[in-house]
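Undergrad: Pasting the sequence and the predicted coordinates here, then a few questions.
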Amino acid sequence: MLNTRPHRTPSRPRRQQTGVMLLEALIAILIFSLGILAIIGLQAQSIRNSSEAKYRADASFLANQLIGYMWTDPANFAAYAHMPTGTVCEPTGSASTNTNVTAWLANVRGLLPGATDAMQSIAVDTGTRQVTVRICWPSPTGNHNMVVTTRLST
């Protein structure tokens, strides 16, 4: 007697699919993790940039503060000179003993990380009444400086 029932093959495709869903889940978790790491990196860079912007704003404020002191004290204009020669962030010359300058230097040290009196420079030209204030401070991303030049009227 012949067997008239169709011959069935064992269900192989089901065995070949075993674990594919797990593999897809693992790949999805990997992609998600990479996205989270990228967001964390962006957040760290954003915080770093925000801190650097704050220090630049503080340096601008400090330069304008000193120029304001000089503007209101024209009789002692020349006494504001502080290490007026040399290069940026490595000035040379004599340090000022003016009380406004020493108070200002204390503000610089307090507001800018790593700033020292020896890094700051105030050049005064009594003939043209031009003032150049150089403020320097180090940071993890490198040395920074701000240079403000103005001419004070008499």
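TA: Happy to help now that I have it.

Undergrad: Number of residues surrounding Ser60?
TA: Residue neighbour count, defined by other Cβ atoms under 10 Å, stands at 13 for Ser60. No exception for glycine: its C-beta is placed from N, CA and C like everyone else's.

Undergrad: Run through the residues that contact it.
TA: By Cβ atoms under 8 Å, 6 or more residues apart in numbering, the residues touching Ser60 are 146, 148.

Undergrad: Return the distance of it relative to Pro84.
TA: Distance of Ser60 to Pro84, given as Cβ to Cβ, to the nearest Å: 20 Å.

Undergrad: can you check Asn107 too?
TA: For Asn107, the distance to Pro84 - Cβ to Cβ - is 19 Å.

Undergrad: got the CA positions of the host helix or strand of Leu105 in PDB?
TA: Counting by DSSP states H and E, the element that carries Leu105 is helix 99-111. Taking only C-alpha atoms (Å, rounded to 0.1, in the frame of the first residue of the first chain), the coordinates of helix 99-111 have been written out as PDB:
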ATOM      1  CA  THR A  99      45.100 101.300  45.900                       C
ATOM      2  CA  ASN A 100      42.500 101.100  43.100                       C
ATOM      3  CA  VAL A 101      44.800  98.800  41.100                       C
ATOM      4  CA  THR A 102      45.600  96.600  44.000                       C
ATOM      5  CA  ALA A 103      41.900  96.200  44.800                       C
ATOM      6  CA  TRP A 104      41.200  95.600  41.100                       C
ATOM      7  CA  LEU A 105      43.900  92.900  41.000                       C
ATOM      8  CA  ALA A 106      42.300  91.200  44.000                       C
ATOM      9  CA  ASN A 107      39.000  91.200  42.100                       C
ATOM     10  CA  VAL A 108      40.800  89.600  39.100                       C
ATOM     11  CA  ARG A 109      42.300  86.900  41.300                       C
ATOM     12  CA  GLY A 110      38.800  86.200  42.800                       C
ATOM     13  CA  LEU A 111      36.800  86.100  39.600                       C
END
